[in-house]
Each structure stands twice: as structure tokens, then as C-alpha cells.
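Participant: Next one to model:
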Amino acid sequence: MSKKTTKYIFVTGGVVSSLGKGIVGASLGRLLRARGYSVTIQKFDPYINVDPGTMSPFQHGEVFVTDDGAETDLDLGHYERFINTNLGKVNNVTAGSVYLNVITRERRGDYLGRTVQTIPHITDEIKSRLKEAAKDKPDFLIAEIGGTVGDIEGLPFLEAIRQFKIDAGYGNVIFIHVTLLPYLSASGELKTKPSQHSVNTLRSIGIQPDILVCRSSKPIPKTERDKLALFTNVPKEAVIESKDLQTIYEVPLALEKQRLAQEVMKRLNIEDNTEPDLEHWKEIVAKVKNPENSVKIAIAGKYTKLSDAYISVVESLRHAGAALGTKIEIKWISSDECADFKKAEEGLSEVKGVVVPGGFGIRGIEGKINIVRYARENNIPFLGLCLGLQCAVIEFARNVAGIKDANSSEFEPDSAHPVVALMSEQENIEDIGGTMRLGSYECHLQPNTIAKKQYNTDVIYERHRHRYEVNNNYREKLQQRGLVLSGLSPDHRLVEIIELPAHKYFVASQFHPEFKSRPENPHPLFKGLVEAALNPSCKVTELAL
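Facilitator: Here you go, the predicted model:
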């Protein structure tokens, strides 16, 4: 296959939303990577928001952050974890960003007085985003179209990819349609009719799927496969079964057995004469499915009613667990309910470790602070992420350093002791503004620290998404009482990691380590947490006043 010709694979979905199009696309990417090909994956979301950054996690789940500072859909996290490649701004496109760019150009006069329309201006902008993502000439670009076929907001994207097949030339584009086969327990049948209707809708706008991936809870009988092939005009061998599985990391192996990658390559006129290297992936799946141990870890946050709000945290724990042959049992704790310290005590009474993840706003903060306090005082392994670090600093300042009214200026703008604040609010510090730190930043690890031991290197690069920092005016007092600043920015002005060396495992980071954890390479901070949770022998150290 020529390195100069990128092949495009478009993944659409029908019948219902949340079918797992992202996992199918990511799994296909893994199968192609296992054959030695270069792969990138792009997500097109039809919503009008410019990016997910302003959306509630209850609405859209986690906001995933890339190295270059893009706030993206959570599916990009799955893409990175499956194909083990860092993605960026070009890999997440929303209708909002497309319309904003077109309108901006119209206001600037770039269209020279022409009438601006969906076709060609919006569709051309969408196609330009595809070309931008493929500018480095990967062997394959997999593009997932968000939403469900038939949604009105998705029509410009479907029209754009219909056109793109013509633009890219014969043999360079295929379409994969992911649908649901519902099972009716009363009659004991898998029903194909919804999938037939979904394909008909897709064909009505000019797109004939080349491959049908059918989500189901049961094996698909040959009769139903034949019926799908007949009524959707998809060859029988290209009707692929995708059953519910124990772990998402099993999906690439299941789709390999279904010959998905072979069918893709055949339709793109590529000889499939390479044996995929999936041995390491098989080992990971075997460890996930057959753990030697189990340990209960709490995730204490304010978006716990929707697990997708913390999907990268969950997956990072699972990566660490798999590496250590351990099943992670997650206990969800709502920080809203822990404003009473006794509730925090009840919530953590049966767990062996706790993660306090990131977030914005004052809701649930006192509950998080109580959770941190209980973990610190009872030697429960603790990992704080972003806001989790800030809560840990506030808790330590109040209950160990004796600054009883310590707070963050985010939650109490007139606080007498803002131990967490914007850099512009700190005395004797050059004003770097209140803008958010987004993307990858350099961090220097200090010698003889837990962080240095876990990373086993001096300099790391981690992804950020926050505005507030540890207030440098309080650093000396906090350090005098035992708080160790184990990770600092290159100029030592920004605190990146804190820890308590006398504790079994008490570490918090201003960045989001969960965004860089991979099944093949668990993040060291999460691995350290699980290791500590598995180790019952450790002396409790009293740090409270």
C-alpha cells in the first residue's frame, strides 16, 4: 500500500444512540495498527457547541484533553487508548466549530458576496477538516459521525462524506454502519427491521454502507444475517456481529474473529497478507477477565450519577488493575452527600483506596475536603486529580497547618486565606492572567519523593485543564508542616504534585494523569495507588492537630 494514499473509513450509527461506534472505530484502528499500518481517528459531533468544554458532564460525559490543549469528546480517549497514539485538535470537529468558521469567513468577506449555504460552504468546511487530519498521510483515517442517522443536525456531515467518496477517488473510501438488533424475550427473536430502516435512511441520502456491524446481546443466527444482507444490499460476509462483552478491550479480538479488518481491506483493494500482532493485547484482556485479586477503590466526585463523567479515571484504574492482576471494584461516592464528616467516614469505611477527581464550581467541595481528611487521617491510599489536589491543599491547610479558614478564591472570592488562587491574585507574582491552563506542560520531579519513584524519571509532561493554582504565599508554611511539593513547573513557580511521605500513599496532581493512561502502559500514579491499596501492612501516621 502506498504511504502517499490515505484510505478513509467512515463510521455511522443507526437505530439508537450510544451503540459504541467509538469503540468499533477504535477497535478497527487497533486491528489495523496490529498489521503495521499508521492510523488516525477523527470524531465529528453534530451539536452546535464549539467544543464540549462548556458542557455539563451530566449532559455529555467527560471532557477529554489532548496534548495540544483541545477540549474534546470522550471518544478521543478511547481512540488514544486503543491505537496508542496521541491525537489533537484536528481530531475532534463539532458542528459549532464548522459553522463558526464559515460565519467568521463570511463576516470577513472571504466569500466575495456569494450566498453562503449548507452546500457547498458547510460541507466544504467539513471536508477540509478531513484533509487537515490526514495531512501527515496516515495509511488510514477512521472518521466517526456522531449521533444517529436521521438526526437533522447530522445531515450536513453525511452529505459531506457522501461527496468525499467521490472526491477521494474510487477504492479510497468505505462506509461502516453500526446498528442495533434488539432482542425480544417474549418471542426469543433478534429483530432486523430497525436496522433495515436505518440503512434505508442512509441510502436515501446517497450512502450505501459497505459493512454492517450489528450490536446484539445474542449471537446472530445465519437466517438473520442472510435477511440483513438481502434487505440492506450488504454482502453476507460483511454483516459483522458485535455482541456484548465483559470488557471493551475484548472488542478488537472479537471483531478480528469476525474478520472486520479483512473485510475493510478487501473493499479498499489492499492485500491482507500480514498476520496481526495482537499477543500483548490478548495478554491484557486475559488479565482483565481473569484477575488474581480484587480491591475496592472509591471515586468520590460530584458527577457520580453518570459514570461517563469520569470514564478516563475508571479506565486508568482498570489499566493499573490489569497490570497488577487485580479486579478493580469501583464504589461511587457523591461528594454532595459528604458535607457531614460522618457520611465521608461511612463512604470510605470499606474501601482500600480513594480517588478524588477534577471538576469546577463550589458544589460538593466540602464533601471532597471531608473525604480527603478521612483518607489522610486513616491512612487510606489517596490520589487527587486537579480539583482533588486543590481540595487536599485546603484540607491540609485547615487541619494540619492550622489555617482554619483556608479556602480557594474560586469558592470564596473574599477568603482571608486563599491557599488556592489565580496567579494574578497572588502577591509578588507576575500576572499571567486567569486563563485556563490547557494541554501538556512540563513538570520537574523532586528527588527522594514518591512521584520520582513512581515515574522513575526527572521530567514528565502531563495534561492540564484548570485555572487555579496553589498559592505560593502559603507554600513555606504548608511545607513546614510536612506537605511535600514533589512536582514543580520548570521555573518552580507552579505546584504540580503534592504528597505526604509519612502516609501509605497520599499523592495529588494538578494535572490529569488519567488522560495519558493506556492499557499497554498504565499510568504510574494510578498504578501506585492500586499497589498501595493491595498492601495491607502500613503504620498509620497521625498528622492531624
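
Participant: For V178, list each beta-bridge partner.
Facilitator: G13, V213 (DSSP bridges).

Participant: Would you map the strands across the stretch 251-400 of the chain?
Facilitator: Assigned by DSSP state E, counting those that start in this stretch, the stretch 251-400 of the chain shows strands spanning 293-301, 326-334, 353-356, 382-385.

Participant: Any chance of those strands in a markdown table with mean pLDDT as columns?
Facilitator: Output for the strands of the stretch 251-400 of the chain, formatted as a markdown table (pLDDT from 0 to 100):
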| stretch | mean pLDDT |
| --- | --- |
| strand 293-301 | 96 |
| strand 326-334 | 96 |
| strand 353-356 | 98 |
| strand 382-385 | 98 |
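
Participant: Out of the ones you listed, which one sits most buried?
Facilitator: Of these, the one with the most neighbours on average (mean count of other Cβ atoms under 10 Å) is strand 382-385, at a mean of 30. (Glycine included, C-beta is placed from N, CA and C.)

Participant: Contact partners for V50?
Facilitator: Applying Cβ atoms under 8 Å, 6 or more residues apart in numbering to V50 gives the contacts 94, 96-97, 100.

Participant: Compare those and tell me which is most surrounded.
Facilitator: T94 (21 neighbours; other Cβ atoms under 10 Å).

Participant: Which phi and psi values does the closest residue to that residue other than its chain neighbours adopt?
Facilitator: Closest residue to T94 apart from its sequence neighbours, by Cβ to Cβ, 6 or more residues apart in numbering: D45 at 4.7 Å. Dihedral pair for D45: phi -110, psi 130, per degrees, to the nearest 10.

Participant: ok, D45 to I145 distance?
Facilitator: For D45, the distance to I145 (Cβ to Cβ, to the nearest Å) stands at 9 Å.

Participant: picking that back up, could I get the strands of the stretch 251-400 of the chain as TSV with distance to R398?
Facilitator: TSV is the format used below for the strands of the stretch 251-400 of the chain (distance: least, Cβ to Cβ, whole Å):
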stretch	distance to R398
strand 293-301	18
strand 326-334	21
strand 353-356	16
strand 382-385	15
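
Participant: which one of those strands lies closest to K222?
Facilitator: Of all the strands of the stretch 251-400 of the chain, it is strand 326-334 that lies closest to K222, at 36.0 Å by Cβ to Cβ.

Participant: Can you tell me which helices and strands the closest one packs against?
Facilitator: Strand 326-334 sits against strand 293-301, helix 311-323, helix 341-348, helix 524-534, with contacts defined as 3 or more Cβ pairs under 8 Å, 6 or more residues apart in numbering; DSSP states H and E.

Participant: change it to 10 Å
Facilitator: Strand 326-334 sits against helix 279-289, strand 293-301, helix 311-323, helix 341-348, strand 353-356, helix 365-377, helix 524-534, with contacts defined as 3 or more Cβ pairs under 10 Å, 6 or more residues apart in numbering; DSSP states H and E.

Participant: Just want the angle from it to helix 365-377.
Facilitator: Strand 326-334 runs at 140 degrees relative to helix 365-377, counting by axes from the mean of the first three to the mean of the last three Cα atoms, to 10 degrees.

Participant: Strand 326-334 pairs with which strands, and in what direction?
Facilitator: Per DSSP bridges, strand 326-334 is paired in its sheet with strand 293-301 (parallel).

Participant: Please enumerate the strands of the stretch 101-250 of the chain.
Facilitator: In the stretch 101-250 of the chain, the strands defined using DSSP E, counting those that start in this stretch lie at 140-145, 173-180, 183-184, 189-190, 211-216, 239-243.

Participant: Take those strands and lay them out in TSV including mean pLDDT and mean neighbour count.
Facilitator: Shown next, in TSV, are those (pLDDT from 0 to 100; neighbours: other Cβ atoms under 10 Å):
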stretch	mean pLDDT	mean neighbour count
strand 140-145	98	25
strand 173-180	97	25
strand 183-184	91	11
strand 189-190	90	17
strand 211-216	96	23
strand 239-243	95	21
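
Participant: what sits against the residue nearest to T94?
Facilitator: When contacts are counted by Cβ atoms under 10 Å, 6 or more residues apart in numbering, D45 touches 51-52, 60, 72-73, 75, 92-97, 144-147, 153-154, 157.

Participant: neighbours around G25, how many?
Facilitator: G25 has 28 nearby residues by other Cβ under 10 Å.

Participant: pretty sure it belongs to a helix, no?
Facilitator: Yes - G25 sits within a helix when classified using DSSP: H, G, I helix; E, B strand; the rest coil.

Participant: Am I right that it is in contact with F44?
Facilitator: No - G25 lies out of contact with F44 (Cβ atoms under 10 Å); the separation is 11.3 Å.

Participant: list residues touching both of those two?
Facilitator: Joint contacts of G25 and F44 (Cβ under 10 Å, 6+ apart) are 10-11, 143-144.

Participant: Run the chain-centre distance for the helix or strand G29 falls within.
Facilitator: If you go by DSSP states H and E, G29 is part of helix 21-33. Distance of helix 21-33 from its chain centroid, counting by Cα atoms, centre = their mean, to the nearest Å, is 15 Å.

Participant: and the angle from that helix to strand 140-145?
Facilitator: Going by the same axes, to 10 degrees, helix 21-33 is angled at 180 degrees with respect to strand 140-145.

Participant: of the strands of the stretch 251-400 of the chain, which approaches N370 most closely?
Facilitator: strand 293-301 (9.4 Å).

Participant: Done for today, thanks.
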